[in-house]
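Engineer: predicted model and sequence below, questions to follow.
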Amino acid sequence: MSDPSLPDPHLCEQARLSRDARFDGLFFTAVSSTGIYCRPVCPAPTPKRENVRYYANPAAAEAAGFRPCLRCRPELAPGNDQWQRGDHVVARALKLIEAGMLAEHSLDELAARVGIGARQLRRLFVERVGAPPISVHTTRRLLFAKQLLTETALPVTEIALASGFRSLRRFNAAFLQANRIPPRELRRHPRAVAGAALMLRLGYRPPYDFAALLAFLRTRALPGVELVDEHSYARAFGPADAPGWLRLSAWPGGEHALQLQLHCPQPTQLLGVVTTLRRMFDLDANPQAIADTFQHDAILGPLLARRPGLRLPGGWDGFEIAVRAILGQQISVAAARTLATRIVQRWGESLPTAPMTGLERLFPTPAALAQADLREIGLTTTRAATISGMAQALLDGRVDFSAEQSLDEFVARWVALPGIGEWTAHYMAMRALSDPDAFPAADLILRREATTDAVPLSTKALTLRADAWRPWRAYAVIHLWRGASDALPPPRTSRRSKPEALA
C-alpha cells in the first residue's frame, strides 16, 4: 500500500488472525468474495487469505468498492492519528477535514489553506491515503450517520443534518451507494427511546487509563461549567439559549470504549461534539507506537511500565485552555483553578435552565474578556492585561487554534503576544491542539524528573534529552508529571508545582 500509515502486511495478517484490539482502526480488512470491509477485531468467521486485502482507512476501502461490515461496524473503530502527524500538506489537510472544513468550504479553499492547488492535493491524497479528499470527508460523515442510525432513535432527517448533509435526498443516495442498504432499513430496530439523551460508543485502542485522565481533569474542573468525579466527566455547552450537556464514562462490561450520554438540541453540533471529545480524551492514540519509543528509555521506561495507558488530556476549547494556562503561570494548580472559577462566575454566561445539576454556566467568550477589568477578581495588572490582550488577538485573527498549523508556527505566533512565553505556548499546544510533540521544556518538574541527578537539567539540556522522545514528547510530559505526582506523599503539596503541572 502507498499509505505509510498501513502496518506491514505480515503484521496485519497476524493481528487479523488473533483479532488483536491494539490494531483496531490502524488498518481494515476487505474481503473480495463478500465485498465487505471489517475491523481486525471482527468476530465473523476468518476469511481465506487469498480473498483478503488491507486498507489503512475506511475511505480507501470504500473507494475500492467495499462496503462497511454490519457486524463489527467500522464506524466504532478508533481513528488513526498517524495520518495527521507532521507538517506534510496531506497531514495538514486531514486535520482540516477532521475539523469539518469541507462541510462549509470547497476543495479549492481547502487546497489554498495548505498552499497547493486542488488537483495536486487530490493526487497526493490518492497516493498517500488511497482516496481523494472528498471521499475521506464523505466516508467520515456516512460512518457517523451509520452509528447514529444504529445506536439512537433520532429521526433520519436529523441524522442527515448531524452528519453534514443539507439535503435528505442526497444523504439517502450517498448512504445507499456506500452501504447497499437505505438508511431506514438499517434502523428497523432502534436501540434508544425517542426524546431521550443519546447514548454513543466512543472506541479506543487499549491500554487506556481513563481513571488517570479523569484525575488530571478533576483537579482543574471549573464549578458550574463541568463536573468531574472518579467515574465520569460532564459538561454544559452552548449556545446559551439552547444549551446541551454531555457525560462521558467507561463503557460497561469492559469493552474498549467510553460511553457518551449526550443531549444536543442542535443536530448540526453532534459531529463536532464527538470530534472534540475524541481529541480531548485522546481516543485515537496508538499506545504501541508511543511504547516503542519510551520502553527502553532509562527515565520513561519504568514510568511507562507503571502506567502504560496514560493519554494526553486535552481541553474542550482553545480559548478556555489559553486563559487557564496564563492564570497558571508561576502559581499552583489549585490557585489557578480558583482564579478561573472567579472569571466564570463574573463573566461566564448563565444558562436560563441548568441542563444538569451543577452545570449552569458557560465559559466566557473572547469578546467578554477582551474588555473586562480582570483585576476585579484578584489578578495583577500585568496578568489581567495578558489575558485581555490575548482575547483581543484571537478576535483580530493574530492568533488562533486552527488545526493545520505546525507546532513551530503555533508557538511563534503565540509567544509574540505580551506575557506569553514558550512554556505557555507549548502547554496550549499540548492541551488545546493535542499536539503529541508539544514540550514545555522550561517546566521545573520536567527538568527535575528527567534526570537521576540531584540538580535539575537546564532547559537546553532537557530539550536535547527529549529529542529521543520525538514525536511523542507531550506524552513524556504526562508521564513525568504523573510520576512526580505519584511520588508525593499525600497530603503534602509540592513546592515544585509549576503552572498546571501535577495531575
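Structural biologist: Done, it's in. This structure is a prediction, so every number in the text was calculated from the model and none was measured. Numbers count the residues shown, from 1 in each chain.

Engineer: now do the contacts for Phe237.
Structural biologist: Applying Cβ atoms under 8 Å, 6 or more residues apart in numbering, one finds that Phe237 lies in contact with Pro243, Gly244, Trp245, Leu246, Val273, Trp316, Leu362. Where you see a C-beta, it was placed from the backbone N, CA and C, and this is true even at glycine.

Engineer: mind listing what the last one touches?
Structural biologist: Shown here is Leu362, whose contacts under the criterion Cβ under 8 Å, 6+ apart are Val225, Ala236, Phe237, Gly238, Ala240, Pro243, Gly348, Glu349, Leu351.

Engineer: quick one on the thing from earlier: neighbour-wise, which of the contacts of Phe237 leads?
Structural biologist: Ranked by the number of neighbours (other Cβ atoms under 10 Å), the contacts of Phe237 place Leu246 first, at 27 neighbours.

Engineer: okay, the contacts of Leu362 in JSON lines with distance to Ile331 next?
Structural biologist: What follows is the contacts of Leu362, written out as JSON lines (distance: Cβ to Cβ, whole Å):
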{"residue": "Val225", "distance to Ile331": "20"}
{"residue": "Ala236", "distance to Ile331": "27"}
{"residue": "Phe237", "distance to Ile331": "28"}
{"residue": "Gly238", "distance to Ile331": "29"}
{"residue": "Ala240", "distance to Ile331": "30"}
{"residue": "Pro243", "distance to Ile331": "31"}
{"residue": "Gly348", "distance to Ile331": "21"}
{"residue": "Glu349", "distance to Ile331": "26"}
{"residue": "Leu351", "distance to Ile331": "29"}
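
Engineer: need the buried ones from those selected in ChimeraX.
Structural biologist: Entered in ChimeraX, the line below selects the buried ones among the contacts of Leu362, by 16 or more other Cβ atoms under 10 Å:
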select :225,236,237,243,348,349,351
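
Engineer: closest to Glu404 among the contacts of Leu362?
Structural biologist: For Glu404, the closest of the contacts of Leu362 turns out to be Phe237, at 24.0 Å, with distances computed as Cβ to Cβ.

Engineer: gap between the closest one and Gly253?
Structural biologist: Counting by Cβ to Cβ, to the nearest Å, the gap from Phe237 to Gly253 is 28 Å.

Engineer: again with Cys38
Structural biologist: Computed with Cβ to Cβ, the distance linking Cys38 and Gly253 is 22 Å.

Engineer: try Ala99
Structural biologist: Distance check for Ala99 against Gly253: by Cβ to Cβ, it reads 33 Å.

Engineer: also Gln120?
Structural biologist: For Gln120 relative to Gly253 (Cβ to Cβ), the value is 47 Å.

Engineer: these two: which has the busier surroundings?
Structural biologist: A direct count of neighbours by other Cβ under 10 Å for Gln120 and Gly253 places Gln120 higher, at 12 against 6.

Engineer: so who does the spatially closest residue to that one that is not a sequence neighbour touch?
Structural biologist: Take Gln120 and drop its neighbours on the chain: the residue closest to it by Cβ to Cβ, 6 or more residues apart in numbering is Ala111, 7.4 Å away. Contact analysis of Ala111 by Cβ under 8 Å, 6+ apart lists Ala93, Gly117, Ala118, Gln120, Leu121.

Engineer: need the three-state assignment for Arg53.
Structural biologist: When states are read from DSSP: H, G, I helix; E, B strand; the rest coil, the local structure at Arg53 comes out as strand.

Engineer: which residues does it contact?
Structural biologist: With contact set as Cβ under 8 Å, 6+ apart, Arg53 has these partners: Thr29, Ala30, Val31, Ser32, Ala64.

Engineer: thought Cys38 was touching the third one, still the case?
Structural biologist: Yes - proximity of Val31 to Cys38 meets the contact threshold set by Cβ atoms under 8 Å, at 7.3 Å.

Engineer: Arg398 and Pro418 touch, don't they?
Structural biologist: No - using Cβ under 8 Å, Arg398 makes no contact with Pro418, being 11.8 Å away.

Engineer: looking at the two, which is more packed in?
Structural biologist: Remark: of Arg398 and Pro418, Arg398 carries more neighbours, 14 against 11, as counted by other Cβ under 10 Å.

Engineer: that one belongs to a strand, doesn't it?
Structural biologist: No - residue state for Arg398 (three-state DSSP) corresponds to coil; a strand is not indicated.

Engineer: what about the protein, any weak spots by pLDDT?
Structural biologist: Per-residue confidence for the chain (pLDDT under 70) gives these ranges: 1-5, 83-84, 86-87, 188-196, 488-503.

Engineer: how about Ala240: what's its closest non-neighbour residue?
Structural biologist: Across the structure, with Cβ to Cβ, 6+ apart as the measure, the residue nearest Ala240 apart from its sequence neighbours is Glu349 (4.8 Å).

Engineer: what's near enough to touch the one you found?
Structural biologist: For Glu349, the contact set (Cβ under 8 Å, 6+ apart) comprises Gly238, Ala240, Arg361, Leu362, Pro364, Thr365, Ala368.

Engineer: just send the residues you listed back as a markdown table, with secondary structure and distance to Asp453 too.
Structural biologist: Conversion of the contacts of Glu349 to a markdown table gives the following (DSSP: H, G, I helix; E, B strand; the rest coil; distance: Cβ to Cβ, whole Å):
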| residue | secondary structure | distance to Asp453 |
| --- | --- | --- |
| Gly238 | coil | 49 |
| Ala240 | coil | 52 |
| Arg361 | strand | 46 |
| Leu362 | coil | 46 |
| Pro364 | coil | 44 |
| Thr365 | coil | 46 |
| Ala368 | helix | 47 |
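
Engineer: Trp245 belongs to a strand, doesn't it?
Structural biologist: Yes - counting by three-state DSSP, Trp245 is part of a strand.

Engineer: just checking, what's the longest helix in this protein?
Structural biologist: For the chain, the helix with the greatest residue count under DSSP state H is helix 133-151.

Engineer: what's the very next helix or strand once past that one packed up against?
Structural biologist: Taking DSSP states H and E as the definition, the helix or strand that follows helix 133-151 towards the C-terminus is helix 156-162. Applying 3 or more Cβ pairs under 8 Å, 6 or more residues apart in numbering; DSSP states H and E, one finds that helix 156-162 makes contact with helix 133-151, helix 168-179, helix 183-186.

Engineer: now do helix 156-162: everything it contacts.
Structural biologist: Helix 156-162 has contacts (Cβ under 8 Å, 6+ apart) with 144-145, 148-149, 152, 154, 167-168, 171-172, 183-184, 187, 267-268, 270-271.

Engineer: cool, thanks, talk later.
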